[in-house]
Structure formats: structure tokens, C-alpha cells
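Q: 3D model of this:
(chains A and B)
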Amino acid sequence: MSWIRITNTENIPLREGRSVRVGDRDIAIFNLGNRFLAVENRCPHNGGPLAEGIISGKTVVCPLHAWKVCLESGAVKKPQSDACVMTYPVETVGDIICIDIPANACAA
Amino acid sequence: MERLVVVGNGMAGVACVEQILKHAPKFEITIFGDETHVNYNRILLSSVLAGEKEMDDITLNGLEWYRNNGILLRLGVRISAVDAIAKTVTGEDGSVTGYDKLLLATGSSAFIPPIPGVDKKGVFAFRNLDDTRNILDRAQEGTKAVVIGGGLLGLEAARGLQVRGCDVTVVHLMDSLMERQLDPAGGEYLRKQIEQLGVRVALGKSTSALLGNGHVEGVVFKDGESLPADMVVLAAGIRPNVELGRKAGLAINRGIVVNDFMETSDPDVFAVGECVEHNGIVYGLVAPLFEQGKVLAATITGNRGPLYLGSKQAAKLKIMGVDVFSAGDPNAAEGAEIVKYEDPTLGIYKKLLVRGNKLAAVILVGDVNDSHRYMEWLRADTDISPMRRSLLFPEPSSDDGRDVAQIPEGDTVCGCMGVTKGAIVHAIQSRGLNTLAQLKECTKASTGCGSCTTLCQHLLKAVAPDFEEDGRKVLCACVPFPQESLREIVRSQRLKSVQDILNIYGNGVGCEICKPALSYMVDVVWCGDHEEDRSARFINDRVHANIQKDGTFSVVPRIRGGVTSPAELRKIADVADKYKVPLVKITGSQRIDLLGVRKSDLPKIWADLGMPSGQAYTKGVRMVKTCVGTEFCRFGTQDAIGAGVELERRLENLFTPHKVKMATVGCPRNCAEATVKDIGLVGQEGSWQVVVGGAAGKSVRKADLLITVESTEQALEAAELFFQYYREHGNYLERTYDFVERIGMEKIRKETVYALDPAKKGLLDRLRKSKAISYDAWQEGASPVNPTQFVQIEAMHSPPGYFPPEQFQGAPV
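A: This is a model prediction of the structure:
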């Protein structure tokens, strides 16, 4: 695993998400006010861009068909489903958001 | 048909006419009113003063009602003479009108005490809409206001002024407030609570003069003390208007004397309301006046039989948030047992006068929940010996419906509107009502002071098969209030951001349902002058384009009225080539859609197009489709293109509860399908029909006619009125076709195209204010609200194989 410096915290507005490309990965990072969370930017339903969703507490709502995904666990909360997205550990160092990218992708 | 002339267009007179109309049509009716307004709810003037209601909210019978019932209405005409021999009335405008039957419903006037200086500027009565308007013009934050009179009317005026930020003192001649309805102890409870709310009360003060040079500056009392005043409101009582009765030669005491059939001393002249004296009593509260009206209606239509035997006087009201109920004469305590309860901390005072095991009078301050029980005991003269152990606090009932079942059918539930339990039950059953809103609309019950709301709800619960509590239809679990309440909260609490609403009235978090709804709400309530929070809006409203199934976006420039040009088409074609737009499509809305655009290309495309946003992605103004109209079409009767382009210009860039699609057509062939649009203008020879609430989506619905007008400008204004009314009263995600069915076209017309001028002006002013702040969203391409809105963020260092610097070693996972 390796920590990657991603972007300045001010680039992700409060209670919004932004997608970021890290190599061939598309990652959605969200600003929850007191912390940043990152998940794979692809809804397990139809591949919708989660970074464009409305945040509701710790979940994001996919803009395509309103699936709800927990940003902490990556689990789909609505509808009932076993599907989940990959989550990435996030740390901020100073003003910089850093994400831990695993060497081999695996579901969280 | 006989001619019935009604003098007086107030609540009692018009309510009596409503009752007369329920009998077989017998009269050609003319109503004269000296005010310039249609019949309104005088009881709610205090709510207008307090800003809880707008002037147009308190209209009881709109012009349409008069028209539909064939009543000739003459407003702003005072009748100055009656000739009972020639059977004519003469107006101050010189008009002479003959009658077969005359109904005097002249009401009462404010008593102006004979004090030097009452004619100064800044001295007002508080009796009608004009008074209210004059007071409002004068009352500013910090204005020193003195209200003379500590009765019902005075306290209501004081409350209104206090809410407006005035520095208010109530001056009362007697030693106790509302001394006719309350005893001294009850008056004292009321005084304490009112003073806690910041209104000063000066008791036992006899005013000797109003000071000031032209304009009032102060009030002087007999005891030599004085008070500074920027304005004075006189609420020292009312006097029945009996002058016309006297001119008609009727028997008069304090009021026009009537018998139990509501007949005066002249067989062709009748009287009802506050100008009437029955059995020595002049009634000033509204419920008895409605009872009189019913009896009078029977008598005058030849159904003489029902008797008016006087009313038990009861007053139930909220004075500055303090509930007060009084019935019977609470000051006639002689020979009566007194049962009472006091809680000074809670401000609750209850006192019953019992005579011979029967209730004689009751006073309730601070807790009026049992008022209906007491009223019933008074009316029915109930022997209360079986209830003596629970007189002040009823034993908790295991059966919620029992209280309702106890009320007799003929009993008045809503005193303001004179609606009986029987009428409510009948309406619920025959019309299948299930909600309080439906009940209000259908019967008018609970639309006055609102003190019977709980009882109405209990009735619905007991009778309606599919009772729905209105409160249940909340916006969502995050902010569990109905949208109507939320709009009121946003307005009254001056909330301008979504997060503030969620923090104070909700769970602080919100979701994809409530956030966009609240975003719309703060926008419409503050006419665009709110704190915009893009995180609370759907992605389409952050990037001003419609997200597609693959995460790309569609771009629809505004093409007003569907009218474009070769130059515009060339630009669109060039953009489509340059950005390799995968699909270019003509939409169903006479526009062009560029599909499959990447988010990061949006600002560049908008700049290259140089056209404004068509708002095809949002709950807002979509388009106005047009037919060719008189421009080229050989059948066209109206300039559909001109009207459509203008309509689109006036409304574009505004947000609405749901999308608004419009169309204008130049003839009834309806080529642009205006009759299935949210708003449509249908041209015909010499006029336009303005239609609303049409749909051709998931369901198909033919639009309802709002109004037919002659000029294009009138048609545009009618469309604007409806548009703004829908913006203000529509629930988020409620299309106009659901909206018109929920509200009802009759009410919509009454509150838009047939509203009084100030109400219309209010709607148009708020529309213009919103419009002035609105802007073409695509201008944000050059300066986005958030700098990274359209930017694809790239990682600062590219993986793989990147190893963090020292400070990252051991960073927690």
C-alpha cells in the first residue's frame, strides 16, 4: 500500500464530492466537514458517478437512480443489497488530502 | 322576482344572504357596501395587522361568488337615506334604488371618545381594512404606539403593533383588562402575561387629551400624567349603526329592535348583525350574528317558523398567544358558588360560577381545552351534579370519540364561520372528505381564528373513513413538517440557508429529498435573496446540465419560442463538431439537445455557443413552445410567436416547484399543444384564453381555463400571476396539474386573476424581485461558484510505486 498526495482540501467544497483520477482508478472524495472520506467513484448499480451525489450524513446518494452508499463501509444502504464499493483510507496532512492506495484492489 | 336590497357588505349581511340563497331563488339581490372591498373576515384584521395574514388572505366571498349568484354588488357606496313609503334607498352617489324587501346589515362603527385632539394625524380607529392599512403605514420598528382601550379589540391591536416592532402601551379606563369577559383576577392573569410579552399596560387611566401640533405627539391623562406617542389607536368600543333604521322609521333602542323572527317594526325591512338589538341585547361577536342570519333567511323567504331566542355569549380567543375563553356573565356572582383553580407559574386560571347545580359562567385563561364542554353545559342548561368531582379537569377519556359524540348535531363548532357539527359531518360524508385542508375548503370551518381546529380534526377522525392527519404529509423524516409549515417557518424565522433549517428544525443532516426541496423553498421565500448552498442541490443544478446514464451531460441552449436563426444553427453545428458531440437531437420542446458532453467541456461549450441556458435540467422554466400565429399562418388570429417569446423572456431563469412547460398558440387549432401545458395561451379572434395545469407526460390532462382576456398584455399578466402563485404555494416536485387539483381552480382564480389589486401587486412584485436577481446559469461557466466545479482533479503525484515522505510513515489507517 502507498499513500498518495491527492489535492488541496479547499478543492473539495463542504458537503460535496469530487472525482479524482489516480492512475487508472476513479476515486470519489467527499468533504463531510470534520473529515474526508473516499470511495470508488462507481455506483454498484449502473456505474453512476457517486462523486456527483448529494451527501446525506455518512452516505452519498447516486445521482442516477438514488442508490445510497455508506462512505465509511462502502456498503449499499438502499435498496437492500449486498453490493458494495471499495473504500480508501484518507488522511489530511496540513492542507493536503492523502489517500492510501492498496497494492491490489480488494473490496473493503 | 322581488327585489332585495342589502345595505352592508360585512360578515353578518353576506352570511345572511348566503342563507337566503339556500332557500329557493326568490330575489333579485343588490348589495351595497361602503368599503371598497368584497366581504372579508373582520375577525382576522388583527392577524393582518400582525403580519400573519395578507389582506387578500381574509377575503370570504370573492367577486366570483357575487357573480355566480347573480348578485349586483355596489362597492364604495354609502347609503345615506331610506324612504320606507316609496321603498327606495338613496346612495351618497345620488343613486336611488327601489326595493321590495330591505335588509339592513349596517354593523357598527368605532366609538370615537370625545377627547380633544382625536382628529390629529396619527390617530386611528381599528375597525376595517382601511384602518388596518393606515395603521400599518404608520407602524414602524420603534414607533411609540398608545392603544386606548383594554378590551378585546384594543388588545388585538396592541398585539399586532408589538409584532411589528412598535413600543406599545395599552391604556384602559377600567382597573382590569377585558372587564366584561373576565373578573379582576382573570384580568390580572392576562395582564401579567401580556406584560411579559413586552406590552405595557396602564390601568385606571382616563385620557383627557391627545397632544401634538397637527400630528399626535402624546397622550395626557386626568391624573396629570402623560405618555409620548407617535401614534394612537382608538379601541374604546363600538356603536351600532342605527341611523338608516331611524330614517326608515323603525323602532330603535341601542340597536334596531327585532323580534324572534328577526322582523323589525316594518314588515318589509329586516335587520341583522351588530346593528340589531334582540331582547335588549346587542351582539358583537360573530357566532350569534350567523344564528340571526339563518332565522332571518327563513322569515324573509316566506318560510317563517324558526325562532331566534338569543345566544349564549361566549368569547374564545388568543390574545398575544394567551388563550382566553369567557362565557356567561362572569361578574354576576351573586348567589353563585365559585369553583376555581389557579397556577401562577403556568399562568392558568379557571373559574366557574355555578348556580343551582348549573353552570352560569366560566372564565378560562391560559388553558381553554375544556371550553367546548363548558359551552355545552351552558347551552343545554345541563345539571352538572354528576360531574361535580371533575368540574375543572375532566376524567381522562378512554374513548377519544366520546367527546365528539357528545356534541349535538346543531351545535356550532366553528364560531367564526358559523358551521355546525351537523354541517361538518354531512360534508365529510357526502363529499368524502379526509383531511382538514379539504374540510376547510369545503365548509370554511376552522378558517377563522383557528380555535376549533382540534375539534374539527377530532370530527374528521371520528367520521371520515380514510382520515389523514394533515401533519403526516411531512416533507421527509429529516425535517418532519408539512411543506406549507416549512415555508412559514422559513419566512417567520428569517432562515436563509438549507443547513440552518436542517440544524434548527431537522436532524442537521438532510437527504436527497429534503435538501433540494429546502433549496427551492429559501429561493422562493426570499425571492432569490438567500444563501445559496450548492451541496444541497442535485448535480444538474450544480453544473447546469442534465446528467445522463453514462455520467455525461446534455446541453440545451435557450431558443425562445422555438425561433432560431441560421447564425445560431451554425454556431450549434460548429460546437457539435468541435467537441465531437455524439448526438444532436431536436427535442419535443422546439429546441436542440447536444447529448453526451463531458462535464469538463461544459464551460467551453457554453462560451462557444454564446447562448443562454435553456434550463432543460432543472425544476424551473423550461420553454414556451409557439405556433406560427399571425406571423405567417393563414389561420392565425393572434401573434403566438410574439407572445410566447415575451412570456419566455419574462419567466426564464426562475425556479419552480417542478418543471414548467408552456406554449402559446394563435388559434384554437392548438398546433403547439398549449392545452396540455403547465401554462398555455390559446389565441382566438379578439381574445386569449389562459389555461393552466395541463399535462402530456406520465398522465394526460387537459388544462383548466384560468381566464379569458382581450389583450396580450393581460394574458401575459394572468400567466405571471398563476406562475408566481404556483411558485409560492406549490409543494416541491408537485407539477401544476397536481397543484390545480389540490388547490382547486376556483380558489386559484380568486387568489390570482380575481384577487384584489394589492394581492395581485404583491404576487407581481415578488415575481419581479426574483426575476431581477435571477441570471443565466451558464454565466457560471466563466466564474463557477466552486472553482473545481467543472475540473477533473488529478492526483498531485502519480502512482504506482510512490512512497510517502517521512511524515507519512506510520500514518494511521
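Q: give the next helix or strand downstream of the helix or strand of chain B with the lowest mean pLDDT.
A: Ranked by mean pLDDT, DSSP states H and E, the weakest helix or strand in chain B is helix B:400-406, scoring a mean of 72. Sequence-wise, the next helix or strand downstream of helix B:400-406 (DSSP states H and E) is strand B:412-414.
Q: contacts for the helix or strand just after that following strand, please.
A: With elements assigned by DSSP H and E, the helix or strand that comes after strand B:412-414 is strand B:419-420. By Cβ atoms under 8 Å, 6 or more residues apart in numbering or on different chains, the residues outside strand B:419-420 that reach it are B:409, B:410, B:411, B:412, B:413, B:443, B:444, B:445. Every residue, glycine included, has its C-beta placed from N, CA and C.
Q: make it 10 Å
A: Contacts of strand B:419-420 with the rest of the structure, by Cβ atoms under 10 Å, 6 or more residues apart in numbering or on different chains, involve B:290, B:294, B:407-414, B:426-427, B:439, B:443-448, B:452, B:456.
Q: okay, now the sheet partners of that strand, with direction.
A: Here strand B:419-420 has these sheet partners by DSSP bridges: strand B:412-414 (antiparallel).
Q: how deep is whichever residue of the stretch 301-450 of chain B sits closest to chain A tucked in, by neighbour count?
A: At 28.2 Å from chain A, residue B:435 is the closest residue in the stretch 301-450 of chain B, using Cβ to the nearest Cβ. By the criterion of other Cβ atoms under 10 Å in any protein chain shown, residue B:435 has 18 neighbours.
Q: also residue B:646?
A: Here the number of neighbours of residue B:646 (other Cβ under 10 Å) works out to 18.
Q: so how far is chain A from the spatially closest residue to it that is not a sequence neighbour?
A: Among residues not flanking residue B:646 along the chain, residue B:716 sits closest, at 6.3 Å (Cβ to Cβ, 6 or more residues apart in numbering or on different chains). Distance, residue B:716 to chain A, by Cβ to the nearest Cβ, to the nearest Å: 36 Å.
Q: by contact count, what packs against whichever strand or helix holds residue B:246?
A: In the assignment (DSSP H and E), residue B:246 maps to helix B:243-247. Counting contacts by 3 or more Cβ pairs under 10 Å, 6 or more residues apart in numbering or on different chains; DSSP states H and E, helix B:243-247 packs against strand B:79-83, strand B:88-91, strand B:101-104, strand B:256-258, strand B:269-271.
Q: and the ones you listed: which comes nearest chain A?
A: strand B:101-104 (61.1 Å).
Q: the helix or strand following the closest one pairs with which strands?
A: Going down the chain from strand B:101-104, the next helix or strand is strand B:108-110, by DSSP H and E. Within its sheet, and counting by DSSP bridges, strand B:108-110 is paired with strand B:238-240 (antiparallel).
Q: the partner strand: how far from the chain's middle?
A: 29 Å (Cα atoms, centre = their mean, to the nearest Å).
Q: which positions in that strand come out as buried?
A: Within strand B:238-240, the residues that qualify as buried are B:238, B:240, counting by 16 or more other Cβ atoms under 10 Å in any protein chain shown.
Q: related to what we said a few turns ago, filter the contacts of strand B:419-420 down to the buried ones, PyMOL style.
A: Typed into PyMOL, the line below selects the buried ones among the contacts of strand B:419-420, using 16+ other Cβ under 10 Å:
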select buried, chain B and resi 290+294+407+412+413+414+427+439+443+444+445+446+447+448+452+456
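Q: I'd guessed residue A:30 sits against residue A:16; true?
A: Yes. Using Cβ atoms under 10 Å, residue A:30 makes contact with residue A:16 at a distance of 7.3 Å.
Q: now do the shared contacts for those two.
A: With contacts defined as Cβ under 10 Å, 6+ apart, the residues adjacent to both residue A:30 and residue A:16 are A:51, A:53, A:55.
Q: can you pick the most crowded of those residues?
A: residue A:53 (27 neighbours).
Q: now that residue. Nearest residue, chain neighbours left out?
A: Nearest one to residue A:53, counting by Cβ to Cβ, 6+ apart, is residue A:60 at 4.2 Å.
Q: next: residue B:735.
A: residue B:658 (4.6 Å).
Q: circling back to that earlier point, so what touches the helix holding residue B:246?
A: Residues outside helix B:243-247 that contact it (Cβ under 10 Å, 6+ apart): B:7-8, B:78-84, B:89-90, B:102, B:104, B:106, B:109, B:250-252, B:255-257, B:264-266, B:269, B:271, B:275-276.
Q: give me the buried positions along that helix.
A: For helix B:243-247, burial by neighbour count (16+ other Cβ under 10 Å) applies to B:243, B:244, B:245, B:247.
Q: name the nearest of these relative to residue B:744.
A: Nearest to residue B:744 among those, counting by Cβ to Cβ, is residue B:244 at 37.7 Å.
Q: sorry, back to before: ok, of the buried residues of helix B:243-247, which one's closest to chain A?
A: Among the buried residues of helix B:243-247, residue B:244 lies closest to chain A (Cβ to the nearest Cβ), at 65.8 Å.
Q: please report how far the closest one lies from residue B:264.
A: As defined by Cβ to Cβ, to the nearest Å, residue B:244 lies at a distance of 11 Å from residue B:264.
Q: isn't the residue nearest to residue B:646 right up against residue B:643?
A: Yes. If you go by Cβ under 10 Å, residue B:716 and residue B:643 touch, sitting 6.8 Å apart.
Q: between the two, which has more neighbouring residues?
A: More crowded of residue B:716 and residue B:643, by other Cβ under 10 Å: residue B:643, with 25 against 20.
Q: could you look up the SS state of that one?
A: For residue B:643, the secondary-structure state derived from DSSP: H, G, I helix; E, B strand; the rest coil is helix.
Q: contact partners for it?
A: Residues near residue B:643 by Cβ under 10 Å, 6+ apart: B:561, B:624, B:626, B:629, B:664-666, B:681, B:683, B:688, B:712-713, B:715-716, B:719.
Q: go again using 8 Å as the cut-off
A: B:626, B:629, B:664, B:681, B:683, B:688, B:712, B:715, B:716.
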